[in-house]
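1. Quick one, what's the 3D model for this:
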Amino acid sequence: MRNRIARRLDRVSPSGIRKFFDLISSMEGVISLGVGEPDFATPWHITEAAIHSLGQGYTMYTSNSGMLELRREIASYLKATYNLDYDPNTELLITNGVSEGVDLAVRAILDPGDEVIMPDPCYVSYPSCVLFADGVPVHVATNSDNEFKLRAADVEARITDRTKAILIGYPANPTGAVMEMADLADIADVARRHNLLVISDEIYNLLVYEIEPTCFACLPEMKEGTILLGGFSKFYAMTGWRIGYAAASADIIAAMTRIHQYTALCAPIMGQVAAIEALRAGEEEARRMLEEYDRRRRVIVKGLNDIGLSCFEPRGAFYAFPSVTATGLSSEAFAEKLLRQEKVAVVPGSAFGECGEGHVRCCYATSLSNIEEAVTRMARFVKKHRRA
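-> Sure, this is the predicted structure:
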């Protein structure tokens, strides 16, 4: 049999993150700054709500769109937080995390050859999902000089007659960069003038420090042109529950649901029950976790700068993205040698795009003691490998 594997997969590289996770699994004593998930357990009352639902027999399918009760809670949250009105019956879809939301969004809007503009570096799933949809990812360079913000002029310069959408995710994985409303307004202006959709991944939108959360759909005339993706994984420490949502105009949600109903059918019902509890009563615990992330953020950023790994101050998510150019090593060589020599796991910036080269991603969603010990080990490593 010829061509047993689809040719489109040739264009998608294996995740650069997973290589290092495989190495970690074979080693003992590793301090991991690699995994992008909270080290907190899901608050007990949220877990308890799911356990109670199981006892009540909630083990069945839900509507393809998700539980109406959860969609109503999300609509209320978006109204209270951003003054956005979404019809829970037609403009909201419950997904298996935001990752599925990205996949559904691009497959719903792209025809073969359509282009999607995105920042570089960016979350690893963005270009891959576009390629799986037979689209073309178009990367726009960002850098530490501008704190990895996406510039509207750079976006506009990459627009062609095949451009269909702009895909952004701020606060950003892997950089921790944020875009405030004035920054986003410039991107919105470009999208309006060129009649482009914007897919806004806002999974980290509440994980911000010293600034107010933003929402792209809040910008003037952008609600109809935005596919807003959100979820519960990061803010509520619910990564394994796999519950996210998409909010968009009814035609786009209908198209996304059509794909979702044949591939995932629905998100798990017990996770949806947990999400309802998180929205109704999870704010206090989530804020306490946010305060702890902030303390860790300050420690790791200061520590990295002190040992000679220049790092701008991330103001969102839970990642620091220091430069490793002082060592003369590539980002992949730095990460692999650091893991083998000092047993500290970080992710090479090149895993997130060409512009990530020369940096590594350090996730500070781990204990302060782990962070302090990791920085101590990294200091030894940098001293050994610093360029003369």
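2. so how far is the first residue of stretch 344-351 from its last?
-> Start-to-end span of stretch 344-351 (CA to CA, to the nearest Å) is 17 Å.
3. What separation is there between residue 3 and residue 136?
-> 22 Å (CB to CB, to the nearest Å). Quick note: C-beta positions are derived from backbone N, CA and C, even for glycine.
4. Note down every partner strand of the helix or strand hosting residue 139 and its orientation.
-> Per DSSP states H and E, residue 139 falls inside strand 136-141. Strand 136-141 has the following strand partners under DSSP bridges: strand 115-120 (parallel).
5. Show the subsequent helix or strand relative to the partner strand.
-> helix 125-132.
6. Would you mind putting the CA coordinates of the longest helix along the chain into CSV?
-> Longest helix in the chain, counting residues (DSSP state H): helix 283-306. Output in CSV follows, covering the C-alpha atoms of helix 283-306 (Å, rounded to 0.1, in the frame of the first residue of the first chain):
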residue,chain,number,x,y,z
GLU,A,283,-12.9,32.8,42.6
GLU,A,284,-11.4,33.0,46.1
GLU,A,285,-9.1,29.9,45.8
ALA,A,286,-8.1,31.0,42.3
ARG,A,287,-7.1,34.4,43.5
ARG,A,288,-4.9,32.8,46.2
MET,A,289,-3.2,30.7,43.6
LEU,A,290,-2.6,33.8,41.5
GLU,A,291,-1.0,35.6,44.4
GLU,A,292,1.4,32.7,44.9
TYR,A,293,2.3,32.7,41.2
ASP,A,294,3.1,36.3,41.5
ARG,A,295,5.5,35.7,44.4
ARG,A,296,7.2,32.9,42.3
ARG,A,297,7.3,35.2,39.3
ARG,A,298,9.3,37.8,41.1
VAL,A,299,11.7,35.2,42.5
ILE,A,300,12.5,33.5,39.2
VAL,A,301,12.8,36.6,37.1
LYS,A,302,15.2,38.2,39.6
GLY,A,303,17.1,34.9,39.9
LEU,A,304,17.5,34.5,36.2
ASN,A,305,18.7,38.0,35.7
ASP,A,306,21.1,37.7,38.6
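7. mind listing what's buried in it?
-> Across helix 283-306, burial judged by 16 or more other CB atoms under 10 Å covers 285, 286, 289, 292, 293, 294, 296, 297, 300, 301, 303, 304.
8. got a pLDDT number for residue 35?
-> Residue 35 is assigned a predicted lDDT (pLDDT) of 83.
9. For the longest helix of the chain, name the packing helices and strands.
-> Secondary-structure packing of helix 283-306 (3 or more CB pairs under 8 Å, 6 or more residues apart in numbering; DSSP states H and E): strand 319-320, helix 368-385.
10. Tell me which of these is the most buried.
-> Stretch with highest mean neighbour count among these: strand 319-320 (a mean of 26; mean count of other CB atoms under 10 Å).
11. what does that one contact?
-> Residues outside strand 319-320 that contact it (CB atoms under 8 Å, 6 or more residues apart in numbering): 36, 173-176, 297, 300-301, 304, 311, 314, 361-364.
12. mind listing the helices for the chain?
-> 16-25, 44-55, 68-82, 97-109, 125-132, 152-157, 181-193, 250-263, 269-281, 283-306, 331-342, 368-385.
13. which one of these lies closest to residue 242?
-> helix 97-109 (4.6 Å; CB to CB).
14. Spit out the contact partners of residue 162.
-> Residue 162 touches 113, 114, 115, 136, counting by CB under 8 Å, 6+ apart.
15. again, only using 10 Å
-> Counting by CB atoms under 10 Å, 6 or more residues apart in numbering, residue 162 makes contact with 111, 113, 114, 115, 116, 135, 136, 138.
16. With pLDDT and distance to residue 331 added, can I get the residues you listed in JSON lines?
-> Output for the contacts of residue 162, formatted as JSON lines (pLDDT from 0 to 100; distance: CB to CB, whole Å):
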{"residue": "111", "pLDDT": "98", "distance to residue 331": "35"}
{"residue": "113", "pLDDT": "97", "distance to residue 331": "32"}
{"residue": "114", "pLDDT": "98", "distance to residue 331": "31"}
{"residue": "115", "pLDDT": "98", "distance to residue 331": "27"}
{"residue": "116", "pLDDT": "98", "distance to residue 331": "25"}
{"residue": "135", "pLDDT": "97", "distance to residue 331": "27"}
{"residue": "136", "pLDDT": "97", "distance to residue 331": "25"}
{"residue": "138", "pLDDT": "98", "distance to residue 331": "23"}
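17. For burial, what's the neighbour tally of residue 250?
-> 13 (other CB atoms under 10 Å).
18. how close does the residue nearest the centre of the chain get to residue 384?
-> Most central residue of the chain, judged by C-alpha distance to the mean C-alpha position with CA atoms, centre = their mean, is residue 173 at 5.2 Å. Noted for residue 173: a distance of 29 Å to residue 384, by CB to CB.
19. What of residue 270?
-> Counting by CB to CB, the gap from residue 270 to residue 384 is 49 Å.
20. Nearest approach to residue 169 belongs to which of the helices of the chain?
-> Across the helices of the chain, closest to residue 169 is helix 125-132 (CB to CB), at 7.2 Å.
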